[in-house]
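>>> Here is my input; please provide its structure:
(one chain, ligands or ions: 1)
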Amino acid sequence: MRVDVVTIFPDYLAALDLSLVGKARRAGLLDLRVHDLRDWTADRHRTVDDTPFGGGAGMVMRPDVWGRALDDVLPEPGADVTGHLVVPTPAGEVFTQRHAEALAREEHVVLACGRYEGIDARVVEHARSAGHRVSELSIGDYVLNGGEVAALVMIEAFGRLLPGVVGNPHSLVEESHGAAGLLEYPVYTKPPSWEGLEVPEVLLSGHHARIDRWRRDRALARTAARRPDMLRVLEVDSLDAADLAVLAELGWVVDDGRLRTVAE
Ligand code: SAM
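All right, here's what the predicted structure looks like:
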């Protein structure tokens, strides 16, 4: 997979040399290229921003500079390799594991990191009308100073889903926000007793069926307590009789193909 990041702070992306993403780059699983937007400026001061039309605070990133950069970095629409332009913005759709899964299936992703008050709105409009796929994505309901941290978040999230990046692919299966639609169960390691706190006995039993059941119960209970919104949209067909019994104890029932609390 090829990923290009365009930014005025290329050094911000140095963290992508570390850990699993860095390893994936060195192994040739991820061809990641970071570009300085200022390389596409045409003036002595390498200007990328200007004052907003209509007045108001702050500066806006110029469309001509971004246009030249994206023309060079995005594959031609209709080319053999298809590209997907991702524009991080707090005004975008909220980035989830589903977006990460979809991006991990792409051949070429380009991330355009804004700064200041953001990128002139015509850049996205132009990319769409030129036939590129464009996603404006937010990493959450707060405002960062720039898109670099958001790009790091997204690359880390989809990069670890590329085949071969995470050593044991089974560890992706039961994770929070994975196919099960639940949060993951709590995890423990050695020592079995620490600061007066014991690892649940079942995990030391070696009894795999009991361990699986315990983990599934904890995942259901944790999701009910912390993210009831996830239970409300869970596919009820994915639940077995034991799941339904645990959920009933927690005050959840199936009603018209969906889970709801008894109090609702
Ligand atoms: N004026 C913009 C607004 O209110 O929607 C905010 C601009 S923000 C200061 C500068 C840049 O940071 C944005 O262009 C975007 O690249 C990035 N950014 C800020 N918050 C973000 C978020 N929650 N998710 C993704 N990118 C974000």
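>>> The least confident helix or strand in the chain by mean pLDDT - contacts with which helices or strands?
Within the chain, confidence by mean pLDDT, DSSP states H and E is lowest for helix 19-26 among all helices and strands, at a mean of 95. Helices and strands in packing contact with helix 19-26 are listed as strand 31-36, helix 148-159; criterion 3 or more CB pairs under 8 Å, 6 or more residues apart in numbering; DSSP states H and E. Where C-beta positions appear, they are placed from N, C-alpha and C, glycine not excepted.
>>> what does stretch 191-201 rub up against?
Taking CB atoms under 8 Å, 6 or more residues apart in numbering as the criterion, the residues outside stretch 191-201 that touch it are 188, 204, 214.
>>> Tell me the one among the residues you listed nearest to the ligand.
The nearest member of those to the ligand, counting by CB to the nearest ligand atom, is residue 188 at 33.4 Å.
>>> That closest one: how many residues sit nearby?
Burial of residue 188 is recorded as 14 neighbouring residues (other CB atoms under 10 Å).
>>> Sticking with it, tell me its helix or strand.
Under the criterion of DSSP states H and E, residue 188 resides outside all helices and strands.
>>> now it: how far from residue 213?
Going from residue 188 to residue 213 by CB to CB, to the nearest Å gives 16 Å.
>>> quick one: contacts for the closest residue to residue 100 other than its chain neighbours?
Ranked by CB to CB, 6 or more residues apart in numbering and with sequence neighbours excluded, the top spatial neighbour of residue 100 is residue 157, at 3.9 Å. Residues near residue 157 by CB under 8 Å, 6+ apart: 95, 97, 100.
>>> Of those residues, which is the most crowded?
residue 95 (21 neighbours).
>>> phi, psi of it?
Dihedral angles phi and psi of residue 95 (degrees, to the nearest 10) take the values phi -70, psi 130.
>>> Throw the contacts of residue 157 into TSV and include pLDDT, thanks.
Formatted as TSV, the contacts of residue 157 follow (pLDDT from 0 to 100):
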residue	pLDDT
95	98
97	97
100	98
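>>> show me which of those residues neighbour the ligand.
Filtering these for proximity to the ligand (criterion: CB under 6 Å from any ligand atom) leaves nothing.
>>> mind listing what's buried in stretch 193-203?
Using 16 or more other CB atoms under 10 Å as the burial criterion, the residues of stretch 193-203 that qualify are 199, 203.
>>> any idea whether residue 170 is helix, strand or coil?
Judged by DSSP: H, G, I helix; E, B strand; the rest coil, the three-state class of residue 170 is helix.
>>> Let the chain start at 36 from now.
With 36 as the first residue, the last one maps to residue 205.
>>> how close does it get to residue 213?
Applying CB to CB to residue 205 and residue 213 gives a distance of 11 Å.
>>> the more surrounded of these two?
residue 213 (14 against 8).
>>> close enough to count as contact, the more buried one and residue 204?
No - Residue 213 is beyond contact range of residue 204, at 11.6 Å (criterion: CB atoms under 8 Å).
>>> Longest helix in the protein, please.
Longest helix in the chain by number of residues (criterion: DSSP state H): helix 243-261.
>>> Dump the very next helix or strand once past that helix to CSV, keeping only the CA atoms.
On the C-terminal side of helix 243-261, the closest following helix or strand by DSSP H and E is helix 263-267. Listed next in CSV are the C-alpha coordinates belonging to helix 263-267 (Å, rounded to 0.1, in the frame of the first residue of the first chain):
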residue,chain,number,x,y,z
PRO,A,263,-24.3,1.2,25.7
ASP,A,264,-24.6,2.9,22.3
MET,A,265,-22.6,0.0,20.9
LEU,A,266,-25.0,-2.5,22.3
ARG,A,267,-28.0,-0.7,20.8
